[in-house]
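> Return atomic coordinates for the entry below.
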Amino acid sequence: MPHSDLEVKRAYMRAYRKDYDQRDYVKQGNQEKRRLYYLGNKEKEANRMKNCRAKTLAQRERVYLIKARVLANYSNPAGVAICNNCGEKDLEVLCLDHINGEGTQQRKAIGCNTYDWVIKNEFPGGYQVLCYNCNIKKRGLDSLRKQAKNSPRIVRG
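Here you go, the predicted structure:
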């Protein structure tokens, strides 16, 4: 809100700040309580953060191993995670692709991690391993095919 007079602006800001500080959702007192708790329990808080980091690392490792297992199963040749289109072997850029392009419908239906679902359902068909570049390329080509299929054809005579 522009003010021409600096004193009017300051008075407005003081009134706004006073009103804001009295709102229920502003919990300035809790910050002080948290700070005092931390100062009194530094070792406990340090252990909590260390355990949190360890859990995060363990979770990342678990997800990485599951992804490697699933991609190795769907790759050609089986056993080595590799892009079925270009031969890329970097697991960080490989992903599971729905051959018929029904990924969105499946994610809505299962509502969980696709890799976990694939393992639970004993590696069903309809999937392939692609790197992200090939996956995006495939999606673009599928989109162009749908557009060409739905566009009216010009008959020349």
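
> So what's the gap between the lowest-mean-pLDDT helix or strand in the chain and the chain middle?
Between all helices and strands in the chain, the lowest mean by mean pLDDT, DSSP states H and E belongs to helix 28-40, at a mean of 76. With Cα atoms, centre = their mean, to the nearest Å as the basis, the distance from the averaged C-alpha position of helix 28-40 to the chain average is 33 Å.

> Nearest residue to the middle of this protein?
The residue lying closest to the centre of the chain (Cα atoms, centre = their mean) is residue 113, at 11.1 Å.

> what about that one, distance to residue 73?
Applying Cβ to Cβ, to the nearest Å, the value for residue 113 to residue 73 is 16 Å. For every residue, glycine as well, the C-beta is placed using N, CA and C.

> Could you measure from residue 67 over to residue 73?
Residue 67 is 11 Å from residue 73, where distance means Cβ to Cβ.

> need the longest helix for the protein.
Residue-count comparison of every helix in the chain, with assignments taken from DSSP state H, identifies helix 42-74 as the longest.

> Going by neighbour count, list what's buried in that helix.
For helix 42-74, a neighbour-count test (16 or more other Cβ atoms under 10 Å) marks 67, 70-74 as buried.

> Which elements pack onto that helix?
The criterion is 3 or more Cβ pairs under 8 Å, 6 or more residues apart in numbering; DSSP states H and E, and the helices and strands that helix 42-74 contacts are strand 94-98, helix 114-120, strand 127-131.
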